[in-house]
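Participant: from the sequence below, what's the structure:
(one chain, ligands or ions: 2)
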Amino acid sequence: MSVIAPDFSGRTVISFQHVWKRYPNGTDALRDINLSVPEGDFVFLVGPSGAGKSSLVRLLIREERPTKGKIFVNGVELGRMKRRKLPHFRRKVGLVFQDFKLLPQMTVHENVAFALRVLGESRQVIDRRVARALDTVSLHGKLGKYPRELSGGEQQRVAIARALVHAPRLMIADEPTGNLDPATAWEIMQLFLKINADGATVVMATHNREIVDLLRRRVVVIEDGQVVRDDRAGRYHEALQASALRA
Ligand SMILES: Nc1ncnc2c1ncn2[C@@H]1O[C@H](COP(=O)(O)OP(=O)(O)OP(=O)(O)O)[C@@H](O)[C@H]1O
Ligand SMILES: [Mg+2]
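Facilitator: Numbers count the residues shown, from 1 in each chain. Ligands and ions are numbered 1, 2, ... in the order given. Next comes the predicted model:
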């Protein structure tokens, strides 16, 4: 097993310190998680079904709270964050899920603009930011379409644009390519790479072995609620030792 030491040379965006999660039914989903993510990192969370990846993501956006331990995001301990600060916090973290979570009765433009409207931004600001976000995901031709009129890949692009209008410094994705064919999954990954190259930190839970192996980014493997591997330029499965190959 290889474990890298936490990197404190740059700014630490995410820090899990001895985090445990036990659900009310007694399931121990996470057991003593320690994890540090520096600014600008691109982290794949991998591991078998039921390992605890989504639980980790839900703790990270304070949809759930740890049973024990502390989680810091941008230096703020989530457990101490006031409830009224949560909406702002969640907006500033770009969230992307497997099932897109678009509002079906709203057009592409309305889906991306929605949170800005709620914030009371002016029409001009909204239109400019929505246009820029849709431009990033190459979707401006679809402004007036409804989610049901779009392909899965296009719907995921809308979900990414919806996150991008808030200029997030941290993007968290839980199986964003889970419902997509390989070519479309690859296009969506390219978008995340671009967002990361523009400076955002990306944390992504995925089962997509091909993409993880191709990109050779940081790979954190979770098994049975624990971090069992943390590789800087990792693969989905641990590479066989050269000695094992020779044997
Ligand atoms: N709300 C919940 N209540 C009780 N147990 C839960 C809850 N959510 C998840 N679990 C359990 O916690 C463990 C971790 O689940 P989690 O969804 O985090 O896994 P995962 O790694 O995301 O799996 P997958 O790859 O299938 O998405 C599993 O045993 C699961 O059954
Ligand atoms: Mg999951």
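Participant: going forward, measure contacts and count neighbours with C-alpha atoms only.
Facilitator: Will do.
Participant: stretch 36-54 and ligand 1 in contact?
Facilitator: Yes. Using Cα under 6 Å from any ligand atom, stretch 36-54 reaches ligand 1 at 48-54.
Participant: of the residues you listed, closest to residue 161?
Facilitator: Nearest to residue 161 among the residues of stretch 36-54 next to ligand 1, counting by Cα to Cα, is residue 54 at 21.9 Å.
Participant: number of nearby residues for the closest one?
Facilitator: Residue 54 is surrounded by 19 other residues when neighbours are defined as other Cα atoms under 10 Å.
Participant: pretty sure it contacts residue 206?
Facilitator: No. Contact criterion Cα atoms under 8 Å: residue 54 and residue 206 do not qualify, at 9.8 Å.
Participant: in contact with residue 155, which residues?
Facilitator: By Cα atoms under 8 Å, 6 or more residues apart in numbering, the contact list for residue 155 reads 100, 102, 147.
Participant: let me have those residues in TSV, extended by pLDDT and neighbour count.
Facilitator: Converted to TSV, the contacts of residue 155 look like this (pLDDT from 0 to 100; neighbours: other Cα atoms under 10 Å):
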residue	pLDDT	neighbour count
100	95	21
102	97	19
147	97	23
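Participant: quick check, nearest of the residues you listed to ligand 1?
Facilitator: Proximity of the contacts of residue 155 to ligand 1 was ranked by Cα to the nearest ligand atom; the top entry is residue 100 with 15.0 Å.
Participant: returning to that earlier point: so what's in contact with residue 54 and residue 206 at the same time?
Facilitator: residue 174.
Participant: just the buried residues of the longest helix along the chain, please?
Facilitator: Taking DSSP state H as the criterion, the chain has its longest helix at helix 182-197. Using 16 or more other Cα atoms under 10 Å as the test for burial, helix 182-197 gives 184-186, 188-189, 191-193, 195-196.
Participant: which one of these is nearest to residue 216?
Facilitator: Distances from residue 216 to the buried residues of helix 182-197, taken by Cα to Cα, are shortest for residue 193, at 12.0 Å.
Participant: what bridges to the residue nearest the centre of the chain?
Facilitator: The residue lying closest to the centre of the chain (Cα atoms, centre = their mean) is residue 172, at 1.7 Å. Note on residue 172: beta-bridge partners by DSSP bridges are residue 95, residue 203.
Participant: how near is it to residue 198?
Facilitator: Going from residue 172 to residue 198 by Cα to Cα, to the nearest Å gives 15 Å.
Participant: using the three-state scheme, assign residue 109.
Facilitator: With DSSP: H, G, I helix; E, B strand; the rest coil as the basis, residue 109 sits in helix.
Participant: name all residues that make contact with the closest residue to it other than its chain neighbours.
Facilitator: Nearest residue to residue 109, sequence neighbours excluded (Cα to Cα, 6 or more residues apart in numbering): residue 143, at 4.9 Å. Counting by Cα under 8 Å, 6+ apart, residue 143 makes contact with 107-109.
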